[in-house]
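Chemist: Sequence below, structure please.
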Amino acid sequence: RGWTELHSGGEALEREPCPIGLLGKDELVLSIQPRSVAKPFDDGGGGHSWFCQPSLLGIDPLETEDDDRVYYDFQPVFPVGSNFSQHSYRGLGVDRTNREILLLILEQTDEHYQPTWLSRDGVWRPLPLLKFPIRACYPQVALNDRRAHVLAIGDIVEPVETWRQAKFEELNKEWDYVFRRLFYAWSPDLEAVGFQPPIEIDSVDATAGYIRNLDLHIDTDDRAHVLYLKMPYQYAFMRDRWFSGEIMTVSLEYVVLEKGQVVGRKTLRQGLAEEKLSESQDLMRLHYGRFHLLPDGALGVVYSGSWSDLAGETESGLFLSRLAADGDLEETIRLSAERPLTGAFFTNTPRGGSDVGNRLDLVGAFFDGESYEMRYLGYEIKD
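Modeler: A predicted model of the protein is given here:
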């Protein structure tokens, strides 16, 4: 029915990400990070930042009239003295069955995560800081019966000075944060033992590469399934200078963890990441991906990519595959879409409290070469 604005936060004083979850059919929760007061000094980049008070906005999605729509504030509780700013890099996990929420906010003092947990008795319980080896951002969070899982990507300024200088000479950009080390943390029981020390799942630190964490799924045996994109070399000019002769690739990677340890890993697909797109769909440049539970309970993967057609024009596609027991992709189908999503997209995931059944719902970005537009795509998945 098109897009309808339900609420406006006024000034653009929110930073990404703003995760969303569903506690029940009439309890939608949206993470917000409203400004509480401006900092009396600049942030070193010529601009001013501000202190924030993390919150969750509750919305009744079933009301059809704005005047009747219910808004309420969950007011999560954090330790006294917690220091939060607009750079929150927050994550949200929902256990819809038990009406529990796990919210993670980056605490600015040491750039570790401050978790707070809404237990089933309706009480917020702040937890000890979750500390990764380096600043880790954009977390995926899953919560199930007080068992918690977190996937996050390292996000720091380029640590190799010669590489930083080379990128500035080529790109002429001062902004130079790298995403190369992938981390995972878990808790067997938030109330009893809290989070265990995080582990590093993968790294392309030695080759100036790029990793993008995509999704996290927890199965009925409490095993964590992880999906991410991996490029050994982020830029061709970096590859040419320090790793000459190597191929620019991008791959869709899959890892399984059990009780905090990696028990399996697989490269699901690999494509080319050169500036000139591959003319083969089999070697397409992969863009994004998410897990999706199939109607029979098997785990599937939704992913996107682009390649050149016979006329040399760019073609893009969305695909859905079943994950076989050995980790291979099988029964792949191309999802019909007039304009396939080419940027990040989100799905009706159980860790957000969504129903799955035979529905696949996607919301994400389409880029036409000049501008982005947000699109919704919906599919019925048959047995």
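
Chemist: Go ahead and confirm Glu246 touches Tyr233.
Modeler: Yes. Using CB atoms under 8 Å, Glu246 and Tyr233 qualify as a contacting pair, with a distance of 6.6 Å. C-beta here means a position set from N, CA and C on the backbone, and glycine is covered the same way.

Chemist: okay, these two: which has more neighbours?
Modeler: In terms of neighbours (other CB atoms under 10 Å), Tyr233 is the more surrounded of Glu246 and Tyr233; the figures are 22 against 12.

Chemist: My reading is that the more buried one lies in a helix. Confirm?
Modeler: No. Judged by DSSP: H, G, I helix; E, B strand; the rest coil, Tyr233 forms no part of a helix; its state is coil.

Chemist: and the residue nearest to it when sequence neighbours are not counted, how many neighbours?
Modeler: Of all residues beyond its chain neighbours, the one nearest Tyr233 is Arg239 (3.9 Å), with distances taken as CB to CB, 6 or more residues apart in numbering. Residues within reach of Arg239, counting by other CB under 10 Å, total 22.

Chemist: Count the neighbours of Gly24 for me.
Modeler: Neighbouring residues of Gly24 were enumerated by other CB under 10 Å; the total is 9.

Chemist: Skip the chain neighbours and tell me the closest residue to it.
Modeler: Once its chain neighbours are removed from consideration, Gly24 has its nearest residue in Arg96; the separation is 6.8 Å (CB to CB, 6+ apart).

Chemist: gap between that neighbour and Leu214?
Modeler: Arg96 sits 22 Å away from Leu214, taking CB to CB, to the nearest Å as the criterion.

Chemist: Okay, and Glu170 sits in which element?
Modeler: Secondary structure from DSSP states H and E places Glu170 in helix 161-171.

Chemist: Return the set of buried residues in that helix.
Modeler: By neighbour count with 16 or more other CB atoms under 10 Å, helix 161-171 contains the buried residues 163, 166-167.

Chemist: Also stretch 178-191?
Modeler: Neighbour counts using 16+ other CB under 10 Å place 178-187, 190 of stretch 178-191 among the buried residues.

Chemist: with these in mind, which one is nearest to Gln140?
Modeler: The shortest approach to Gln140 among these belongs to Tyr184, at 9.8 Å (CB to CB).

Chemist: and the closest one, what does it touch?
Modeler: With contacts defined as CB atoms under 8 Å, 6 or more residues apart in numbering, Tyr184 is in contact with 149-152, 198-199, 201, 224, 226, 257, 260.

Chemist: Next, give me the two most distant ones among those residues.
Modeler: For those, the farthest-apart pair by CB to CB is Ala152 and Gly260; their separation is 14.8 Å.

Chemist: The residue nearest to Tyr233 should be in a helix, yeah?
Modeler: Yes. Counting by three-state DSSP, one finds Arg239 located in a helix.

Chemist: All the helices of this structure, residue numbers only.
Modeler: Listed in chain order, the helices of the chain (DSSP state H) span residues 161-171, 236-242.

Chemist: coming back round to it: possible to save the buried residues of helix 161-171 as TSV with pLDDT and distance to Lys382?
Modeler: As requested, the buried residues of helix 161-171 are arranged in TSV below (pLDDT from 0 to 100; distance: CB to CB, whole Å):
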residue	pLDDT	distance to Lys382
Trp163	97	49
Ala166	96	51
Lys167	96	48
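
Chemist: I'd like the residues you listed as TSV, with distance to Val80 appended.
Modeler: Putting these into TSV (distance: CB to CB, whole Å) gives the following:
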residue	distance to Val80
Trp163	41
Ala166	45
Lys167	41
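
Chemist: before we move on, the earlier item: in strands, which of the buried residues of stretch 178-191 appear?
Modeler: Judged by DSSP state E, strands contain the following of the buried residues of stretch 178-191: 178, 181-187.

Chemist: Now for Glu246 and Tyr233: what residues contact both?
Modeler: By CB under 8 Å, 6+ apart, Glu246 and Tyr233 have these common neighbours: Arg239.

Chemist: re earlier: who does the helix holding Glu170 touch, helix- and strand-wise?
Modeler: Under the contact definition 3 or more CB pairs under 8 Å, 6 or more residues apart in numbering; DSSP states H and E, helix 161-171 sits against helix 236-242.

Chemist: Could you rerun that using 10 Å?
Modeler: strand 177-178, helix 236-242 (3 or more CB pairs under 10 Å, 6 or more residues apart in numbering; DSSP states H and E).
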